[in-house]
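Participant: my questions concern the predicted model and sequence given below.
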Amino acid sequence: MELADYLRILRNHWLAVTAMVIVAAAVAFGWSSLQPKVYAASSSGFVTSGSGGDPGLDNLNDVLSKSRAASYVVLAKDRETASIVIDDLGLDTAPESLVGSIDAAQTPETVVIQITARAGTPEDAQELADAWVGALAERVSDIEAAKDGEGMRIEVSESAQLPTSPVSPNVERNVLLGAVLGALLGAGYAVARTLLDRRLRSTEDVERASQLSVVGSVPDLGKQDGLFVTASGLGTSAQAAEAIRRLRTNLSYMDVDNPPRAIVVTSPKQGDGKSTVAANLAAAIALSGQPVTLVDCDLRRPNVSRTLGLDDTVGLTDVLAGRVQLVDAVQEHPEISGLSVLTSGSRPPNPSEILGSQAMRGVVADLSRVGMVVMDAPPLLPVTDAAVVAHNADGALITVSAGRTLDTELTSAIDHLHAVHARPLGVILNRVSRRNVGSGNYAHYGYAPDDYVDTTASEQKSKGSARS
């Protein structure tokens, strides 16, 4: 994956990443608050061999003191020194445990030894550091007893100061580390979720899974159902209507020499919005000046009549059964000129057989001679109706829901079409987040979506007035 892929993943899962950062930081803060506070104080002493007046002898003593100071650092960490401190302070602890609270180090290139003591209170830390330097001086005095003149000794150079803040726990550092760990866990979760997630969320996901082009991306309109491509205007659905227009344009350039005239609009499963897309696609084609007939081929759960508010008393099944002539069953849309509708009609007991009949092929052929035909067909996975209809059409558009349809469902739907030698024309990605379908593009042209009017319809009316 490229950097843009990781950024897209983080954008899609930013809530989960943010939640993990907050939780990890809160856990680090809580853990730090429960830890006992530790204070540190430092005291130091320097190694000397006594006074001298000879410069050469003083230089030799300085070299000797630096050499001995390294040994005294080791001496400061032994149990006997700790025992002296325990006796001096009257502590009730083992020497081995007390040694763990002490750090001893020689300042480089000097004769200074620094003792750092840690304790639960500032006073105890200060007292322990001073007492330890005194105990070390006592040990050195006993070991380096003078034989001829004065021997090596340790003198206090700086007493410990009372610490004002604990050195442990470091709440700020722990919270920062917790937040960083939470960010890493969140990023790992987002990447793993994306790699394991089978849902189709973007154009790239669809094209990678299906090897088909995405011919249209329609924004999420919530529970809105019906026509948002109308002759009077688009209102608050301007963005969706513009997406349908792009779909119409893509269809017109799909095969310039032999453009599809009979198109099936279907989906892998129920609830993907195929009926709404089919109705609005037919309306957009009609508004471009090309006659089109919208046929409701979903004989199990018809939606076209309800979507457009038309009568479904007589429809496709009545024509196929020979009870009504095709010209009598087709209805003209009351608002959009050039849009004809053939509803489903009575529900038959054998939808697949009726849709695959010779009579159905004749209806599609008759309507294709008048103009384009857009057929709303049932989902491909539950029933075979859509595949049967697509076999007698020029191709099928498969509508999928962004964030809901699985890649396996899309590939299975395509396989159903290939099994009957039907032609998949492309995929329509429905219910896409508005920010991913060009939101804000209208502002570049100086108008807002709420004020958008269907210019195609206006041009169509102007042409009609000119002809008259």
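Facilitator: In hand now; what should we look at?

Participant: which SS state does residue 341 fall under?
Facilitator: With DSSP: H, G, I helix; E, B strand; the rest coil as the basis, residue 341 sits in strand.

Participant: so what's it up against?
Facilitator: Contacts for residue 341 (CB atoms under 8 Å, 6 or more residues apart in numbering) come out as 293, 294, 295, 296, 304, 305, 308, 310, 330, 331, 332, 333. C-beta coordinates here come from the backbone N, C-alpha and C atoms, glycine included.

Participant: most surrounded residue in those residues?
Facilitator: The member of these that has the most neighbours, counting by other CB atoms under 10 Å, is residue 294 with 32 neighbours.

Participant: correct me, but that one touches residue 342?
Facilitator: Yes. At 7.2 Å, residue 294 counts as touching residue 342 under the criterion of CB atoms under 8 Å.

Participant: got any ranges where the stretch 301-450 of the chain has weak pLDDT?
Facilitator: 435-450 (pLDDT under 70).

Participant: and if we set it to 90?
Facilitator: Scanning the stretch 301-450 of the chain for pLDDT under 90 picks out the ranges 306-309, 311-313, 334-335, 346-347, 349, 403, 433-450.

Participant: ranges for the strands of it?
Facilitator: Along the stretch 301-450 of the chain, the stretches classed as strands by DSSP state E, counting those that start in this stretch are 331-332, 339-342, 372-376, 395-401, 424-432.

Participant: also the stretch 101-250 of the chain?
Facilitator: Under DSSP E, counting those that start in this stretch, the stretch 101-250 of the chain gives strands at 102-106, 112-119, 153-158, 214-219.

Participant: in JSON lines, list those strands along with mean neighbour count, distance to residue 3 and mean pLDDT.
Facilitator: Shown next, in JSON lines, are these (neighbours: other CB atoms under 10 Å; distance: least, CB to CB, whole Å; pLDDT from 0 to 100):
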{"stretch": "strand 102-106", "mean neighbour count": "17", "distance to residue 3": "45", "mean pLDDT": "92"}
{"stretch": "strand 112-119", "mean neighbour count": "22", "distance to residue 3": "46", "mean pLDDT": "93"}
{"stretch": "strand 153-158", "mean neighbour count": "17", "distance to residue 3": "54", "mean pLDDT": "87"}
{"stretch": "strand 214-219", "mean neighbour count": "23", "distance to residue 3": "23", "mean pLDDT": "92"}
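
Participant: as CSV, those strands with distance to residue 399 would be great.
Facilitator: What follows is the strands of the stretch 101-250 of the chain, written out as CSV (distance: least, CB to CB, whole Å):
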stretch, distance to residue 399
strand 102-106, 71
strand 112-119, 68
strand 153-158, 80
strand 214-219, 8
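
Participant: what's the domain layout of the protein?
Facilitator: 3-35+170-196, 39-158, 203-461 (automatic domain parsing).

Participant: please identify the most buried of the ones you listed.
Facilitator: Highest mean neighbour count among the domains of the chain (mean count of other CB atoms under 10 Å): domain 203-461, with a mean of 19.

Participant: out of the domains of the chain, which is closest to residue 164?
Facilitator: domain 39-158 (7.2 Å; CB to CB).

Participant: for residue 214, which of the strands of the stretch 301-450 of the chain is the nearest?
Facilitator: Shortest distance between residue 214 and the strands of the stretch 301-450 of the chain, using CB to CB, is found for strand 424-432: 5.2 Å.

Participant: who are the packing partners of the closest one?
Facilitator: helix 203-210, strand 214-219, helix 238-252, strand 395-401, helix 407-419 (3 or more CB pairs under 8 Å, 6 or more residues apart in numbering; DSSP states H and E).

Participant: quick one on the thing from earlier: now render the strands of the stretch 301-450 of the chain as TSV, adding distance to residue 46.
Facilitator: Formatted as TSV, the strands of the stretch 301-450 of the chain follow (distance: least, CB to CB, whole Å):
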stretch	distance to residue 46
strand 331-332	107
strand 339-342	100
strand 372-376	95
strand 395-401	79
strand 424-432	75
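
Participant: follow-up on the earlier one: now the domains of the chain in JSON lines, with distance to residue 164?
Facilitator: Output for the domains of the chain, formatted as JSON lines (distance: least, CB to CB, whole Å):
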{"stretch": "domain 3-35+170-196", "distance to residue 164": "15"}
{"stretch": "domain 39-158", "distance to residue 164": "7"}
{"stretch": "domain 203-461", "distance to residue 164": "51"}
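
Participant: contacts for whichever strand or helix holds residue 81?
Facilitator: Per DSSP states H and E: residue 81 is located in helix 79-89. Under the criterion CB under 8 Å, 6+ apart, residues 75, 91, 93, 95-96, 98-99, 102, 127-128, 131-132, 134-136, 138-139 lie in contact with helix 79-89.

Participant: for the stretch 51-200 of the chain, give me the ranges with low pLDDT.
Facilitator: 51-72, 75, 77-78, 107-111, 138-158, 191, 193-198.

Participant: the helices in it, which residues?
Facilitator: 55-75, 79-89, 95-99, 122-143, 171-196 (DSSP state H, counting those that start in this stretch).

Participant: let me know the closest of the contacts of residue 341 to residue 27.
Facilitator: Distances from residue 27 to the contacts of residue 341, taken by CB to CB, are shortest for residue 304, at 55.3 Å.

Participant: ok, and the closest non-adjacent residue to the closest one?
Facilitator: residue 296 (3.7 Å; CB to CB, 6 or more residues apart in numbering).

Participant: does the one you found touch residue 315 like I think?
Facilitator: Yes. Counting by CB under 8 Å, residue 296 touches residue 315, with 6.8 Å between them.

Participant: now for the two: what residues contact both?
Facilitator: 302, 305, 342, 343, 344.

Participant: show me what the third one is bridged to.
Facilitator: The one in question is residue 342. Beta-bridge partners for residue 342, by DSSP bridges, are residue 295.
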